[in-house]
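**Student:** Got a predicted model here, sequence first, then my questions.
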Amino acid sequence: MPLFGSRKKYISLRVPKKELPEGLWTKCPACKEIVFKREIEAANGICPKCAYHFQINWKKRLALLVDEGTFEEWDADMVSRDPLDFTGQSSYISKLDESRKKSGLKEAVVCGTGAIERIPTAVAIMDFAFMGGSMGSVVGEKVTRAIEKGTELTLPVVVVSASGGARMYEGMLSLMQMAKTSAALARHARAGLAYISVLTHPTTAGVMASFASLGDVIIAEPGALIGFAGPRVIRETTREEVPEGFQRSEFVLKHGLVDMIVHRKELKSTIARLLAYMSNSASAPAQNNLL
């Protein structure tokens, strides 16, 4: 008898794993489900599983808020300089160039005038994709000019914020924008004109401590991070644990920092009704079911 028997030959039926193209799917940070990105885009940046609100760029935001074909941009060519000749691991100039290439923007805010359900309005929309929506001299100047132009033209003002705060590369010059934007809003209020502040994820630090928190009505999107310092900084500073849901829209609504939380698909109609109520516009839509 042979010591070793003959080996049987087996045919492998294993099917090679098909490689899926990268970037088609994303994990929702709220429900942890894997979601097809096109579904999120089709829903205007909202998770189809749990209605989590993802960040969206300024163009998408503009299309959702302003009537088609009515937007006219102001100060489109205004760009940041480097007043402090800031250098670190990389220079401020290189950071600006990198952000412009990645975001397609010249700065972190786009301002202009447009109609919101036929109501002429001065609008400023921040985009977190440009250096975290940070507020430097140009962002502060553009927001201030938009407010002042709204005052001059007797228009209501709507500002959509998304920011990590003041831009460290400009030092004190960035902090000065807090006072400048706030002063412009004070003059706007004295003129008896409406200002609505919309807080999206995230709205923090110097922006939150100035124009973002000064609205006649302050609206937040669901689940947005809203506050001055972030939860981690507060936790490390105070050596205490923060409450569950701390600084999220639902938490700050409960504690009176914002007036309402509005789902993205209802944001335009809600703002229009508020503007109609506050400006008593004859051309505005009916004001039924305001809140």
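**Tutor:** Cool, the structure landed.

**Student:** mind checking the backbone torsions on the residue nearest to His263 when sequence neighbours are not counted?
**Tutor:** Among residues not flanking His263 along the chain, Pro222 sits closest, at 6.4 Å (C-beta to C-beta, 6 or more residues apart in numbering). Bear in mind the C-beta positions are built from the backbone N, C-alpha and C, glycine included. Backbone torsions of Pro222, given as degrees, to the nearest 10, read phi -60, psi 140.

**Student:** Confirm for me that Pro222 is in contact with Phe54.
**Tutor:** No. Pro222 lies out of contact with Phe54 (C-beta atoms under 8 Å); the separation is 11.3 Å.

**Student:** now the strands for the chain?
**Tutor:** 25-27, 34-36, 72-74, 109-116, 119-126, 157-163, 195-204, 217-220, 226-227, 260-261 (DSSP state E).

**Student:** If you count contacts, what does the second one end up packed against?
**Tutor:** Read it as strand 34-36. strand 25-27 (3 or more C-beta pairs under 8 Å, 6 or more residues apart in numbering; DSSP states H and E).

**Student:** what's around Ser99, how many residues?
**Tutor:** 21 (other C-beta atoms under 10 Å).

**Student:** Over to the one 10 residues further on?
**Tutor:** Other residues within reach of Val109, judged by other C-beta under 10 Å, total 29.

**Student:** For it, give the beta-bridge partners.
**Tutor:** Met126 (DSSP bridges).

**Student:** same question, the one 5 residues further on
**Tutor:** Counting by DSSP bridges, Gly114 is bridged to Thr121.

**Student:** so it makes contact with Phe71?
**Tutor:** Yes. At 3.8 Å, Gly114 counts as touching Phe71 under the criterion of C-beta under 8 Å.

**Student:** where in the stretch 151-291 of the chain is pLDDT low?
**Tutor:** Within the stretch 151-291 of the chain, the ranges that satisfy pLDDT under 70 run 280-291.

**Student:** All the helices of it, in order from the start?
**Tutor:** Shown for the stretch 151-291 of the chain, the helices assigned by DSSP state H, counting those that start in this stretch span residues 172-190, 205-208, 231-238, 249-254, 267-279.

**Student:** And those helices: which comes nearest Thr154?
**Tutor:** Nearest of those to Thr154, taken as C-beta to C-beta: helix 267-279 at 9.1 Å.

**Student:** Run the angle between the closest one and strand 119-126 for me.
**Tutor:** 120 degrees (axes from the mean of the first three to the mean of the last three C-alpha atoms, to 10 degrees).

**Student:** In this structure His53 contacts Gly45, no?
**Tutor:** Yes. Between His53 and Gly45 a contact is recorded at 6.5 Å, counting by C-beta under 8 Å.

**Student:** between these two, what contacts are shared?
**Tutor:** Common contact partners of His53 and Gly45 (C-beta atoms under 8 Å, 6 or more residues apart in numbering): Arg264.

**Student:** dump the residue contacts of the most centrally placed residue in the chain.
**Tutor:** The centre of the chain sits closest to Ala162, judged by C-alpha atoms, centre = their mean, with a distance of 3.1 Å. Ala162 is in contact with 55, 126-128, 133, 200-203, counting by C-beta under 8 Å, 6+ apart.

**Student:** how close does it sit to Leu199?
**Tutor:** Separation of Ala162 from Leu199 (C-beta to C-beta, to the nearest Å): 8 Å.

**Student:** hmm, back to that, so what's the residue nearest to His263 up against?
**Tutor:** Contacts of Pro222 by C-beta under 8 Å, 6+ apart are 51-53, 249-250, 261, 263.

**Student:** Go again with 10 Å.
**Tutor:** Pro222 makes contact with 30, 46, 51-53, 201, 248-250, 253, 261-264, according to C-beta atoms under 10 Å, 6 or more residues apart in numbering.

**Student:** For Asp75, state which of the residues you listed is nearest.
**Tutor:** His201 (25.8 Å).

**Student:** My guess is that closest one contacts Ile261. True?
**Tutor:** No. In this structure, His201 is not within contact of Ile261 by C-beta atoms under 10 Å, at 12.0 Å.

**Student:** Of the two, which one has the most company?
**Tutor:** His201 (20 against 17).

**Student:** What distance do you get for the residue nearest to Phe54 when sequence neighbours are not counted to Gln55?
**Tutor:** The shortest distance from Phe54 to any non-neighbouring residue, by C-beta to C-beta, 6+ apart, is to Gly45 (4.4 Å). Plainly put, Gly45 is 7 Å away from Gln55 if you go by C-beta to C-beta.
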